[in-house]
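Trainee: I would like to see how this sequence folds:
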Amino acid sequence: MRRLPSLLSAVAAMAALGVATAAPASALDPTKGYNGICTGDDALTGVTVVIDFQELDGNGGTPAPTITRCSPNANPGTARTGVKALQDAGIAIAGTARWGLGFLCRLENRPASTETLPTTSNPTYKEPCVNTPPAQAYWSYWHADGAGTTWTYSNYGALNRNVIPGGFEGWSFALNKTATTNPAPGVTPTNPAVNPGNPTVGLSVDDLDRKITLGQSTTLTWTSTNATGVTAFAVSPATGGGSWSGALAVPGGTQTITPTATGTYTYTVRASGTGGTVYSTATLTVQ
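Mentor: Numbers count the residues shown, from 1 in each chain. Here you go, the predicted model:
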């Protein structure tokens, strides 16, 4: 599964699975996050970040064991993007010169600009982080709600989707893989604190940089689990952001938005189920 250019359980349980939580030689930011899945007050407000280096581990003699790290939310109840979750976990990230953090090309400084990535089309390829990384060598992006055991590949970049509190954000390096062989992170994304019956909901803007020009339209996409009802709850400011109200399809769908004024708009979606009510937001700038 290639990300589209248009879109751009406790620690002991992890140990039982044989999961390494050490950082590669580049070192994580020690002032942010902590090793293992989110626990305590962070269990249902933070998100666990998993970085699986796959073939990069040991490439050029540089070890890179899988990272499993909690990314706490300093302001519980507020939405965070996948990029913000990485930063809050203390993961060093780098985007491309062309797209910025819309496309992440390095995590914890890997792949380094000097290391060889033997792709099928170029056996001496090195990642310059200028344009979009090639389909044969890039960081694939995954997520999970914490209630199950499987990962879901994200068709949206980490700058365009909000994380699920209590869930998992996964990154797995894909070298010479296809849409059906891309490896999910090798960590089971289960959070013992998450009630499997609780609803989840996510909202994304279908634009790489979440910016459009007045007169253009864009698409909002929502997904949910364990929800009996999903509602386009609010847009702020209340006028100028286009039509966003009323009942939405369950479990997910898309809706075209055509703003009528310049500004920055925040759209909120609400999902309700037997386990409670949850919200998610997405921001769009109209220039």
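
Trainee: Residue 32: how many residues sit nearby?
Mentor: Neighbour count for residue 32, taken as other Cβ atoms under 10 Å: 17. Where C-beta positions appear, they are placed from N, C-alpha and C, glycine not excepted.

Trainee: so it touches residue 89, yeah?
Mentor: Yes - counting by Cβ atoms under 8 Å, residue 32 touches residue 89, with 6.3 Å between them.

Trainee: who touches both of these two?
Mentor: Common neighbours of residue 32 and residue 89, counting by Cβ atoms under 8 Å, 6 or more residues apart in numbering, are residue 71.

Trainee: need the contact list for residue 164.
Mentor: 47, 143-146, 200, 202.

Trainee: Mind doing that once more with 10 Å?
Mentor: Residues in contact with residue 164 (Cβ atoms under 10 Å, 6 or more residues apart in numbering) are 47, 143-147, 194, 200-202, 223, 225, 278, 280.

Trainee: What is the nearest of those residues to residue 161?
Mentor: residue 202 (6.2 Å; Cβ to Cβ).

Trainee: how does this structure divide up, domain by domain?
Mentor: For the chain, the structural domains run 11-175, 200-286, going by automatic domain parsing.

Trainee: can I get those domains in a markdown table with mean pLDDT?
Mentor: As requested, those are arranged in a markdown table below (pLDDT from 0 to 100):
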| stretch | mean pLDDT |
| --- | --- |
| domain 11-175 | 88 |
| domain 200-286 | 91 |
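
Trainee: can you put those domains in CSV and add distance to residue 185?
Mentor: Converted to CSV, these look like this (distance: least, Cβ to Cβ, whole Å):
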stretch, distance to residue 185
domain 11-175, 4
domain 200-286, 18
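
Trainee: closest to residue 190 out of these?
Mentor: Closest among those, using Cβ to Cβ: domain 11-175, at 5.6 Å.

Trainee: Out of the contacts of residue 164, which sit inside strands?
Mentor: Judged by DSSP state E, the contacts of residue 164 include 47, 143-144, 200-202, 223, 225, 278, 280 as members of strands.

Trainee: In the stretch 1-150 of the chain, what residue spans correspond to strands?
Mentor: Along the stretch 1-150 of the chain, the segments classed as strands by DSSP state E, counting those that start in this stretch run 34-35, 47-52, 67-71, 93-96, 100-107, 137-144.

Trainee: what's the closest of those strands to residue 265?
Mentor: Comparing the strands of the stretch 1-150 of the chain by Cβ to Cβ, strand 100-107 comes nearest, at 19.1 Å.

Trainee: Which strands or helices does the closest one pack on?
Mentor: If contacts are counted by 3 or more Cβ pairs under 10 Å, 6 or more residues apart in numbering; DSSP states H and E, strand 100-107 sits against strand 47-52, helix 82-88, strand 93-96, strand 137-144, strand 168-175.

Trainee: re the thing from before, looking at the contacts of residue 164, which is nearest residue 239?
Mentor: For the contacts of residue 164, the nearest to residue 239 is residue 280 (21.9 Å; Cβ to Cβ).

Trainee: Surely that closest one touches residue 227?
Mentor: No - taking contacts as Cβ atoms under 10 Å, residue 280 lies outside contact range of residue 227: 11.3 Å.
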